[in-house]
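Requesting a structural model of the entry that follows:
(one chain, ligands or ions: 2)
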Amino acid sequence: MISAYPGSAVRAAERPLLEAGAGPELMQKAAYGLYRSAAALLAQRRGRIYGAAVVVLAGAGNNGGDALYAASRLLARGAGATAVLTSEQAHPEALAAFRSNGGRVLQLRDETVSAALALCRESDVVLDGVLGTGGKGGLRSQAAQLAVLAPARLRRGESPAVIACDLPSGIDADTGQAAGPHLRADLTVTFGAVKTGLMAGPGAEAAGEIELVDIGIAGYLDAPAVQRLENRDIAALLTEPVPGDHKYSRGVLGIAAGSETYPGAAVLATGAALATGTGMVRYLGPEPVSGLIHAAHPEAVCADSTVPLTHVQAWVAGPGAGVDEDQRRRAVEAMASGLPAVIDADAIQAVEPGLGPQVILTPHAGEMTGLLNSLGERIDRPGVEADPLTWVRRAADLTGATVLLKGWATLVAAPGGPVYSQAEATPWLAAAGSGDTLSGILGALLSTDRTGTRGPGHYARLAAAAASIHGQAGRLAAESGPVEVSKLPEGVRSVMADLLHG
Ligand SMILES: NC(=O)C1=CN([C@@H]2O[C@H](COP(=O)(O)OP(=O)(O)OC[C@H]3O[C@@H](n4cnc5c(N)ncnc54)[C@H](OP(=O)(O)O)[C@@H]3O)[C@@H](O)[C@H]2O)[C@@H](O)CC1
Ligand SMILES: [K+]
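Ligands and ions are numbered 1, 2, ... in the order given. Prediction:
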């Protein structure tokens with residue numbers, strides 16, 4: 001499990017150590033961690049550090065100090081380095097160490113911006129030390145013009161790789177908001193604790209991979225604000241069939257999805273649920289959709305029945321339901337059933353406050369905007385996308401349901417409880433039908449759930465697990481070309497096999 005803390009909490013945890021005079025020691029630990037990550041990346045990209053071209057973007061504060069000390073160590077290994085100073089001040093001791101190891105310095109001014117950008121583009125690695133947890137707002141003045149730098153991951157492996165020191169400059173360390181122009185990275189090397197701003201919204205996109213450097217403050221931190229499940233956490237949430245099980249004891253998933261207008265959503269949700277592993281799928285919906293499901297998945301049991309008359313352990317309602325009134329009624333009944341229920345897509349419009357955490361709403365940003373406005377908030381879609389951490393918490397608190405907000409980092413909030421962030425997905429999953437498969441995966445996990453723990457956040461953890469399985473399946477599929485959503489269940493089966501037996 002990865003635990004994340006607001007930048008303000010990390011600063012508070014550092015305070016007693018700083019007051020005890022340990023600031024320089026903490027900075028050396030941070031800088032050494034950054035140096036090691038940069039050295040590993042350079043060794044991987046070009047075989048050796050000797051002769052590498054390094055650019056340090058250094059702001060006025062300790063963040064720039066970290067980056068300058070890290071670059072000093074690279075200079076000592078034979079790299080060449082230039083510091084681009086984005087402020088009139090720089091950390092004095094770190095800059096002196098950098099100069100004495102042979103580093104060159106370029107002061108960023110209007111007339112040097114293009115030279116600085118050219119240096120970056122010709123380098124092997126850029127260390128972004130403009131702003132860390134002390135940054136307020138986005139990049140200012142000439143530094144804002146550096147935001148055009150594209151990390152190598154966006155440019156098919158070309159140089160330079162960008163490494164963010166603690167967090168990408170211009171990103172809010174608490175919320176992940178970009179308060180204006182900001183830098184983006186291939187790798188963020190973060191100190192003391194992962195910041196929540198790396199787990200949500202623009203910050204999650206800008207961070208790239210995340211590496212944590214222990215600087216000895218973990219003991220001073222309280223409970224994390226955001227967590228991320230790793231595969232061993234997900235494996236502990238899964239239930240495997242045992243000898244003596246039958247289809248009903250394993251768990252039955254009811255799916256009230258699809259309509260004559262959008263029949264495919266029901267087929268996709270059913271396929272994903274079966275690939276995740278459930279005892280049986282009972283499908284409720286119009287006859288033409290049942291026919292398609294039978295053709296693709298003969299093991300599904302289909303009926304045009306109601307929710308109260310159908311015996312299942314969990315529900316999925318909403319994908320592809322469109323304006324079908326019967327499917328809308330089934331979604332309302334599923335929410336009222338007391339059973340775990342995934343409420344997706346069109347069914348989200350039927351949400352009323354007063355739900356329980358066993359109801360899991362799975363909106364994308366557009367559906368989230370509609371939901372929040374129906375609950376009395378005044379917010380538009382860009383507002384939700386800019387600060388998804390705030391809004392996913394708000395939606396969970398307003399509805400009483402668990403809320404999964406899809407995105408580059410998918411966020412899951414339990415009402416009043418923990419928040420999870422999963423960022424395993426690939427941009428290839430931004431495709432029609434992708435959300436339907438996520439519903440099926442989550443429905444299957446809920447239907448077979450026998451972990452017996454129902455503490456706060458239990459349903460949020462299962463939803464986070466589903467988001468991770470979905471993302472990993474997408475990545476696996478993307479390895480062999482563009483992702484075809486109807487084939488995603490094959491990837492889901494592989495991911496499940498690894499989780500269960502890996
Ligand atoms: N504390 C510790 O123990 C350890 C901290 N560590 C490291 O320190 C980092 C925090 O360092 P920090 O507090 O010095 O703040 P930092 O992020 O470098 O920037 C502040 C400077 O920038 C300025 N400034 C603010 N906003 C601005 C903007 N938009 N555009 C331009 N300038 C802006 C601001 O000036 P102001 O505007 O407030 O006058 C101030 O001069 C942390 O992320 C980690 O990397 C590690 O070494 C481990 C030990
Ligand atoms: K930074």
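
Could you see whether ligand 2 lies near stretch 24-34?
No. Stretch 24-34 stays out of contact with ligand 2 when judged by CB under 5 Å from the ion, the minimum separation being 10.1 Å. (Glycine included, C-beta is placed from N, CA and C.)

Check which residues of that stretch are buried.
26, 27, 29, 30, 31, 32, 33, 34 (16 or more other CB atoms under 10 Å).

need the contact list for residue 165.
By CB atoms under 8 Å, 6 or more residues apart in numbering, residue 165 lies in contact with 34, 63, 66, 67, 70, 127, 128, 129, 132, 189.

Please identify the helix or strand for the third one.
Following DSSP states H and E, the helix or strand that holds residue 66 is helix 62-76.

Off-centre distance for that helix?
Counting by CA atoms, centre = their mean, to the nearest Å, helix 62-76 is centred 29 Å from the centre of its parent chain.

Quick check, the residue in the stretch 251-400 of the chain closest to ligand 1?
residue 386 (16.9 Å; CB to the nearest ligand atom).

these two touch, right, that residue and residue 179?
No. Residue 386 is beyond contact range of residue 179, at 9.2 Å (criterion: CB atoms under 8 Å).

if you count what's nearby, which of those two comes out ahead?
Between residue 386 and residue 179, counted using other CB atoms under 10 Å, the more crowded position is residue 386 (19 against 16).

quick one: secondary structure of residue 412?
Under DSSP: H, G, I helix; E, B strand; the rest coil, residue 412 falls in the strand class.

Pull the contacting residues for it.
Applying CB under 8 Å, 6+ apart, the residues contacting residue 412 are 392, 402-405, 419-422, 460, 463-464, 467.

Restricted to strands, list these.
402, 403, 404, 405, 419, 420, 421, 422 (DSSP state E).

Dump those into CSV; add distance to ligand 2 and neighbour count as well.
Shown next, in CSV, are the ones in strands among the contacts of residue 412 (distance: CB to the ion, whole Å; neighbours: other CB atoms under 10 Å):
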residue, distance to ligand 2, neighbour count
402, 34, 32
403, 31, 33
404, 30, 32
405, 26, 29
419, 24, 24
420, 25, 28
421, 20, 30
422, 24, 27
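
Got phi/psi on residue 319?
phi -60, psi 130 (degrees, to the nearest 10).

Quick check: it touching residue 269?
Yes. Contact criterion CB under 8 Å: residue 319 and residue 269 qualify, at 5.2 Å.

So which of those two has more stuff around it?
Legend: neighbour count by other CB under 10 Å for residue 319 and residue 269, higher for residue 269 (36 against 32).

pLDDT value on the more buried one, please?
Looking at residue 269, its pLDDT reads 98.

ditto for residue 156
61.

if we can go back for a sec, show me what contacts the residue of the stretch 251-400 of the chain closest to ligand 1?
177, 178, 201, 202.

Against residue 387, how distant is the residue nearest to the third one when sequence neighbours are not counted?
Counting by CB to CB, 6 or more residues apart in numbering, the nearest residue to residue 201 once its immediate chain neighbours are dropped is residue 176, at 3.9 Å. Residue 176 sits 8 Å away from residue 387 when distances are taken as CB to CB, to the nearest Å.

before we move on, what about residue 6?
13 Å.

before we move on, what about residue 413?
13 Å.

Please say which of the two ends up with more neighbours.
A side-by-side neighbour count of residue 413 and residue 387, using other CB under 10 Å, places residue 413 first with 28 against 20.
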